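J.: Provided below are the primary sequence and the corresponding predicted coordinates.
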Amino acid sequence: MRLPMRRIVELALGVTTVALLALLVVPWKAATLPGITASASSLPLPHEAELYEPRTVVPPETILRLFTGGGPPAPTREALLPSPAAQPIDASWLRYMGRSSAQDGKTHVYVKDTTSGKVIRATRGEALNGWILVSEDASGLLLQHGDDLYAVSKR
């Protein structure tokens, strides 16, 4: 009883092997789609990846930054501005220390965090350690850190 079962298994494996070899050796002709004429089938069809690939325009600096190992691209001006619905928090723990101007014309303001003793430097339109100067007038500053706005008095 055992011998015929072994023969059946060997026969099935042999037939499967021959069928796989036949699929590999026999050249197959590409089938044309129904409804396409012979002249229309000569047109190049787009690849499936091209049909579903989203098109995104990326500036060359961003691509170069990927290959040179630079950090993430600088956020755009719109990303630096706070949302109009955000209300500033009165930051009594932040004390205005002064301002300075760099040679390139940028103005920096300095604020001291009285709880930690750290000095925070902020400039308009540029994130420095997460802090951005949103506005400044004679009575105080408006600073942004993340999504939060902080009102700092100059007195």
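T.: All right, it came through fine.

J.: pLDDT on the lengthiest helix in the chain, on average?
T.: Ranked by residue count under DSSP state H, the longest helix found in the chain is helix 2-25. Mean pLDDT, helix 2-25: 89.

J.: next one: phi and psi at Val26?
T.: Backbone torsions of Val26, given as degrees, to the nearest 10, read phi -70, psi 120.

J.: for Val18, see how far away it is.
T.: 12 Å (C-beta to C-beta, to the nearest Å). No exception for glycine: its C-beta is placed from N, CA and C like everyone else's.

J.: quickly find the element holding Glu61.
T.: For Glu61, the host element (DSSP states H and E) is helix 60-68.

J.: shaky segments in this structure?
T.: 1-2, 30-56, 70-86 (pLDDT under 70).

J.: strands along that one, start to end?
T.: Under the criterion DSSP state E, the chain contains strands at 89-90, 94-101, 107-113, 119-123, 131-136, 140-145, 148-153.

J.: which secondary structure elements does the first one contact?
T.: To tie it back to what came earlier, the one meant is strand 89-90. Contact analysis of strand 89-90 by 3 or more C-beta pairs under 8 Å, 6 or more residues apart in numbering; DSSP states H and E lists strand 148-153 as its packing neighbours.

J.: which elements pack onto the strand it packs on?
T.: Using 3+ C-beta pairs under 8 Å, 6+ apart, strand 148-153 sits against strand 89-90, strand 94-101, strand 140-145.

J.: any chance of CSV for those, columns distance to His108 and mean neighbour count?
T.: Below are the helices and strands packed on strand 148-153 laid out as CSV (distance: least, C-beta to C-beta, whole Å; neighbours: other C-beta atoms under 10 Å):
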stretch, distance to His108, mean neighbour count
strand 89-90, 22, 12
strand 94-101, 5, 14
strand 140-145, 12, 19
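
J.: can you put these in a markdown table and add distance to Val134?
T.: Formatted as a markdown table, the helices and strands packed on strand 148-153 follow (distance: least, C-beta to C-beta, whole Å):
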| stretch | distance to Val134 |
| --- | --- |
| strand 89-90 | 13 |
| strand 94-101 | 14 |
| strand 140-145 | 4 |
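
J.: and the closest residue to Ser139 other than its chain neighbours, how many neighbours?
T.: Leaving aside its chain neighbours, Ser139 sits nearest to Lys154 (6.1 Å; criterion: C-beta to C-beta, 6 or more residues apart in numbering). Lys154 has 16 neighbouring residues, counting by other C-beta atoms under 10 Å.
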